[in-house]
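Visitor: return atomic coordinates for the entry below.
(one chain, ligands or ions: 2)
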Amino acid sequence: MFGWNGKYLLVNLTTKKITEVSLDKETLLNYLGGRGLAIRLLWDLVKPGTDPLSPDNVLIFAVGPLTGYPLPSSGKMVIAAKSPLTHGYGDGNIGTRAAVELRKAGYDAIVVTGSSDKPVKLVIECGKASIEPAEDIWSMRVHDLEPKLYAEYGKTVGALYIGPAGENLVKFATVISEFGRSGGRPGMGAVMGSKKLKAIVIKGCKELPKPADQAELVQLGAEAYRAVKEADGYDFWIRQGTMMTVEWSNKNSVLPTYNFREGVYDFASGIDGYTMEKMKVAQKGCPNCNMPCGNIVEYQVDSTRAKAELDYENVAMLGSNIGIGDLNKVSHLNKLADDLGLDTISLGSSIAFAMEATEKGLIKDGIEWGDFDAAVQLTEDIAYRRGELGNLMAEGTKAAAEKLGNGAMTFAMQVKGLEISAYDCHAAPGMALAYGTSSIGAHHKDAWFISLEIKMGRDKYTDEKVEKLVWMQNVRGAVFESLVTCRLPWVELGLNLDYYPKFLKAATGVSFTWDDLHKLAERVYTLIRAFWVREYTAEGRGWGRYMDYPPERWFTEPLTKGPLAGAKLDKDGYDRMLSKYYELRGWDERGIPRKSTLEMLGLDFAYKGLRNLVELKD
Ligand code: PTT
Ligand code: SF4
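Guide: Ligands and ions are numbered 1, 2, ... in the order given. Okay, here's the model as predicted:
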């Protein structure tokens, strides 16, 4: 088999047994790798109703058939498990040398089961994998930990690790790599912490898996790299990367402001890409990327002078959304999140929720809008689960709202328990539906629909929007996530999508048309949905279309500022779009895959797994 290693490393931390498991050709052709492979393995390996923080949960690090090859931005990896934040499918996509090293180590994935009673690290070095004690690094923060790992194993190894937040089982703790790369928003760091796995170090030593046509792969890669570099927006991208979005979002009334009450922020210019440029001291990228977007800035807060890596989501959620308009302060919160191993999006949302709950009198001695010192303190308290408020917000906004009651759920800005990323949807029904139906809860990764929606008319609730949304989810949320490569060469610089089937052919020798890839995407989406339904029903939580609704705020509290003042979502319109979405996916009115859809996509095993838990319609 070309293009894949054809096996994964199975690591049981309870028994300390490490084995290699073969992957058959059919599985690889039907799911490719990354997210596709992860959901296929999770379906089989996670027992229905498993507690996500128990040894029975399964943590997967998966690469794909394009990862690591000399192709644009191919240094990415998917980290997946049953999420402790949402209790459904959870994953994240991280740019890291560990992705390339894993391919060179001879594996398509690492699958971690069980849990250790003492802290450990997994070391994969030149064909040998071992579980080693990690008491000396347990409780270390990321900025101390990473140099220590490099000193021990060399600077070129791939390393993935958790900070104190993961150790303390904070529900939105992530896995970190290379100081500022963070992956696995729905608590993949907490799953790693529950297994007492502090770090994974990978040194590949072998060649990448042999491609079917090496010369063709190199030639296509060179052509695509050139196309990226010659794209119109390249120079500005290199200057600002995703930070260009702050100004754009504010102009379009979608910049999350004061816990998504508004879409415009009076002090946006203090946190935008131009302000960032004045603080920028270096540029950083993932492996194999010629459009590096990591903005390293130097900031100063009081006597502290330090560096942080900024992206749009981090800045919007820790800036306008909590009422902080000084990029120095935002940078400090961003750095703290990286150091502690917390997801910046959920962190920003949780701080904003606590601020609004304080304002409404639901929390005594809480935290005021824009109070930077208190936000720093709360961030530390969340990571260490200190105090009543820190411990409450460490559970995420949904659980916090359930605990507080008194209408708090209306302003818990989440879907299925995962906090919404940084686009306000008062006047964006298509983007709201993208959040409502994203595979992991509210995240823009599957469909950044807002840009297209602005062109199509923001007040429209049309079938055409839903059709385009499904197409976009398939391409971004299934194909890119399973290949696994970064989608930004296409999204930001317009790299022609037709390159990807050609890359796949050169890598694997197998011809995939875009129709084939959409069918594969349907399979991945439907299996992920089946997993959610299985886990929710097995846990006795139940399932209904309400699971796919965005927060009440967007339906009931109109924007009060900016050119779109007065705008809010229309519930009937949203429901019509949701029904159309279900129809296109072959799911019933509850959002549950139909029997015929499961059969048509070759998911008979999922039908068998679901039929005793929930009634399946034809
Ligand atoms: C992603 C989410 C994002 S999406 C951002 S900024 W973005 C936040 N970054 C965080 C961070 O940094 N530190 C931290 N402690 N928490 C953070 N949480 C947030 O995590 C990321 C880039 C970006 S930057 C985006 S859009 C694209 N995402 C891709 C994707 O999802 N798939 C894919 N095939 N390609 C992608 N390319 C881009 O990658 P999650 P990264 Mg990230 C400091 O992990 O869980 O998916 O959440 O991985 O290596 O940092 O690259 O404006
Ligand atoms: Fe990483 Fe940015 Fe390059 Fe994508 S564009 S591979 S996120 S550096």
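Visitor: alpha carbons only for contacts and neighbour counts from here, please
Guide: Fine.
Visitor: buried residues in stretch 451-467?
Guide: For stretch 451-467, a neighbour-count test (16 or more other CA atoms under 10 Å) marks Glu453, Arg458, Asp459, Tyr461, Thr462, Asp463, Lys465, Val466 as buried.
Visitor: looking at those, spot the one nearest ligand 1.
Guide: Glu453 (18.0 Å; CA to the nearest ligand atom).
Visitor: circling back: mind putting the buried residues of stretch 451-467 into a markdown table with secondary structure, distance to ligand 1 and pLDDT?
Guide: Converted to a markdown table, the buried residues of stretch 451-467 look like this (DSSP: H, G, I helix; E, B strand; the rest coil; distance: CA to the nearest ligand atom, whole Å; pLDDT from 0 to 100):
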| residue | secondary structure | distance to ligand 1 | pLDDT |
| --- | --- | --- | --- |
| Glu453 | helix | 18 | 96 |
| Arg458 | coil | 22 | 96 |
| Asp459 | coil | 25 | 95 |
| Tyr461 | coil | 26 | 98 |
| Thr462 | coil | 27 | 98 |
| Asp463 | helix | 26 | 98 |
| Lys465 | helix | 22 | 98 |
| Val466 | helix | 21 | 98 |
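Visitor: tell me which parts of the chain are close to ligand 1?
Guide: 92-95, 180-185, 242, 309-314, 337-338, 341-345, 445, 480-481, 485-488 (CA under 6 Å from any ligand atom).
Visitor: who's in contact with the residue nearest in space to the middle of the chain?
Guide: Taking CA atoms, centre = their mean, the centroid of the chain lies closest to Gly92, which sits 3.4 Å from it. Contacts for Gly92 (CA atoms under 8 Å, 6 or more residues apart in numbering) come out as Val78, Ile79, Ala80, Gly183, Gly184, Arg185, Pro186, Met188.
Visitor: redo the buried residues of stretch 451-467 as TSV? Include distance to ligand 2.
Guide: Formatted as TSV, these follow (distance: CA to the nearest ligand atom, whole Å):
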residue	distance to ligand 2
Glu453	23
Arg458	28
Asp459	32
Tyr461	32
Thr462	32
Asp463	31
Lys465	27
Val466	27
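Visitor: show me where the stretch 301-450 of the chain has its helices.
Guide: Ranges of helices in the stretch 301-450 of the chain, per DSSP state H, counting those that start in this stretch, are 312-318, 327-340, 344-359, 372-384, 387-393, 397-404, 429-437, 450-456.
Visitor: among those, which comes closest to Lys25?
Guide: Proximity to Lys25 (CA to CA) singles out helix 429-437 among these, at 30.2 Å.
Visitor: could you dump the closest one to CSV, C-alpha only?
Guide: Output in CSV follows, covering the C-alpha atoms of helix 429-437 (Å, rounded to 0.1, in the frame of the first residue of the first chain):
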residue,chain,number,x,y,z
PRO,A,429,-28.3,32.3,10.1
GLY,A,430,-26.0,30.2,7.9
MET,A,431,-23.1,30.6,10.3
ALA,A,432,-25.4,29.9,13.2
LEU,A,433,-26.4,26.7,11.5
ALA,A,434,-22.7,25.9,10.9
TYR,A,435,-22.2,26.2,14.6
GLY,A,436,-25.3,24.2,15.3
THR,A,437,-24.3,21.3,13.2
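Visitor: how about it: buried residues?
Guide: Neighbour-count burial for helix 429-437 [16+ other CA under 10 Å]: Pro429, Gly430, Met431, Ala432, Leu433, Ala434, Tyr435, Gly436, Thr437.
Visitor: return the nearest residue of the stretch 501-618 of the chain with respect to ligand 1.
Guide: The nearest approach of the stretch 501-618 of the chain to ligand 1 comes at Ala521, 13.9 Å away (CA to the nearest ligand atom).
Visitor: burial count for that residue?
Guide: Residues lying near Ala521 (other CA atoms under 10 Å) number 28.
Visitor: wait, it touches Val479, no?
Guide: Yes. Assessed by CA atoms under 8 Å, Ala521 is found in contact with Val479 at 6.3 Å.
Visitor: next, the residue nearest to the centre of the chain: secondary structure please.
Guide: Judged by DSSP: H, G, I helix; E, B strand; the rest coil, the three-state class of Gly92 is strand.
Visitor: ramachandran angles for the nearest residue to it once chain neighbours are set aside?
Guide: By the measure of CA to CA, 6 or more residues apart in numbering, the closest residue to Gly92 outside its immediate chain neighbours is Gly184, 3.6 Å from it. Gly184 adopts backbone torsions of phi 100, psi 60, taken as degrees, to the nearest 10.
Visitor: got the contact list for Gly184?
Guide: Gly184 sits in contact with Val78, Ile79, Ala80, Gly90, Asp91, Gly92, Asn93, Ile94, Ala173, Thr174, Val175, where contact means CA under 8 Å, 6+ apart.
Visitor: just put the residues you listed in CSV and tack on distance to ligand 2.
Guide: Output for the contacts of Gly184, formatted as CSV (distance: CA to the nearest ligand atom, whole Å):
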residue, distance to ligand 2
Val78, 13
Ile79, 15
Ala80, 18
Gly90, 19
Asp91, 16
Gly92, 12
Asn93, 9
Ile94, 8
Ala173, 20
Thr174, 16
Val175, 16
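Visitor: residues from the stretch 251-400 of the chain in reach of ligand 2?
Guide: Contacts of the stretch 251-400 of the chain with ligand 2, taken as CA under 6 Å from any ligand atom, map to Gly285, Cys286, Cys289, Met291, Pro292, Cys293, Gly294.
Visitor: which one of these sits closest to Trp43?
Guide: The closest of those, once distances to Trp43 are taken by CA to CA, is Cys286, at 29.9 Å.
Visitor: is it true that Met77 touches Val63?
Guide: Yes. With contacts counted by CA under 8 Å, Met77 reaches Val63, the gap being 5.0 Å.
Visitor: give me the common contacts of these two.
Guide: Listed as contacting both Met77 and Val63 by CA under 8 Å, 6+ apart are Gly34, Ala99, Val484.
Visitor: when Met77 and Val63 are compared, which one has more neighbours?
Guide: Between Met77 and Val63, Val63 has the larger neighbour count (other CA under 10 Å), namely 36 against 33.
Visitor: list the contacts for the more buried one?
Guide: 33-34, 76-78, 99, 102-103, 108-109, 482-484.
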